[in-house]
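Enquirer: Quick one, fold the following:
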Amino acid sequence: MTTYSGAEGFAGATFLGTSFQGATLRFSDVSGVTMRSVDVDGLDIDSHDLSFGSLLVNGVDVVPLVEAELDRRFPGRALQRSQTPEGLREGWAAVRAAWQETVAATPPDLVDAHVEDEWSLAQTLRHLVLATDAWLRGGVQRVEQPFHEIGQVFTGAEGMGFDMSVFRADPPSFEEVLAVRAERQGLVTDVLATVTPELLAEERADPWGGDWRPTVGDCLRVILEEEWAHLRYTRRDLDRLGLPV
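Expert: Purely as a prediction, here's the structure:
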């Protein structure tokens, strides 16, 4: 199959009687796409930012329906949107317990297995170390260089000018991943244990250098969103690998 990478020529284009059967789109912008009289049987959409917009299917915005179903499947997920210290603490305890269950249920031969181009369990845990470093150590605590060397960087980070020399090239053992992950989880737990409404309202700089000025509460909610999103991805892929979790 032909691969189009970084192609801009499709923006605003019209496709008539065209087959996209079996095509794969990754890290692509399909916002505002209009599809009429199309066959969508088996269409599989996964969007980390789905809740921030709308998705119309036959005139119905299905985003609230999807969010409600995900909240049902993952008890405690709804608290990722909490505005209170108590809600954030409860949400963190729920996602931490859910991750503990998933990691414990994964046999050693599957921790580095992955589906297609998705991350393995080990890589996902390393990415969550990175997310905690960015939004807690960098965002909330304002540590100048917050990143641990085993962090798993997201696709496109190098193109954004991110200093990749921070991270080591050789992959860590799973035991090291679990140790660093546990230490970072402890940092989140400690901050949430004493956070106040006043601290949640304090403004911070975007740890990735953007124009957004998040509050401490925003930074903590991003951590929770990352945790729940990647738990869903991991359970989805482990199920595909034959391990229902």
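Enquirer: How far off centre is the longest helix seen in the chain?
Expert: Criterion DSSP state H: the longest helix present in the chain is helix 216-240. The chain centre lies 5 Å from the centre of helix 216-240; the measure is C-alpha atoms, centre = their mean, to the nearest Å.
Enquirer: can you give me the strands in the protein?
Expert: In the chain, the strands defined using DSSP state E lie at 56-57, 60-61.
Enquirer: got the contact list for the last one?
Expert: Strand 60-61 is contacted from outside by 54, 55, using C-beta atoms under 8 Å, 6 or more residues apart in numbering. No exception for glycine: its C-beta is placed from N, CA and C like everyone else's.
Enquirer: now the strands of the chain as JSON lines including distance to residue 90?
Expert: Formatted as JSON lines, the strands of the chain follow (distance: least, C-beta to C-beta, whole Å):
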{"stretch": "strand 56-57", "distance to residue 90": "33"}
{"stretch": "strand 60-61", "distance to residue 90": "29"}
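Enquirer: can I get these in JSON lines with mean pLDDT, distance to residue 2 and mean neighbour count?
Expert: Output for the strands of the chain, formatted as JSON lines (pLDDT from 0 to 100; distance: least, C-beta to C-beta, whole Å; neighbours: other C-beta atoms under 10 Å):
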{"stretch": "strand 56-57", "mean pLDDT": "93", "distance to residue 2": "28", "mean neighbour count": "11"}
{"stretch": "strand 60-61", "mean pLDDT": "96", "distance to residue 2": "33", "mean neighbour count": "11"}
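Enquirer: what is the mean pLDDT for stretch 67-84?
Expert: In this model, stretch 67-84 has a mean pLDDT of 97.
Enquirer: And it, what's buried?
Expert: By neighbour count on 16 or more other C-beta atoms under 10 Å, the buried set for stretch 67-84 is 70, 71, 74, 76, 77, 78, 79, 80, 82.
Enquirer: repeat for stretch 170-182
Expert: So for stretch 170-182, counting by 16+ other C-beta under 10 Å, buried means 172, 174, 177, 180, 181.
Enquirer: about what we covered before: farthest-separated two in the buried residues of stretch 67-84?
Expert: The largest distance within these, taken as C-beta to C-beta, falls between 70 and 82 and amounts to 15.8 Å.
Enquirer: Pick the one among the buried residues of stretch 170-182 closest to residue 109.
Expert: Closest to residue 109, out of all of the buried residues of stretch 170-182 and judged by C-beta to C-beta, is residue 174, at 11.1 Å.
Enquirer: Was I right to think that closest one contacts residue 111?
Expert: Yes: between residue 174 and residue 111 there is a contact at 5.1 Å, judged by C-beta atoms under 8 Å.
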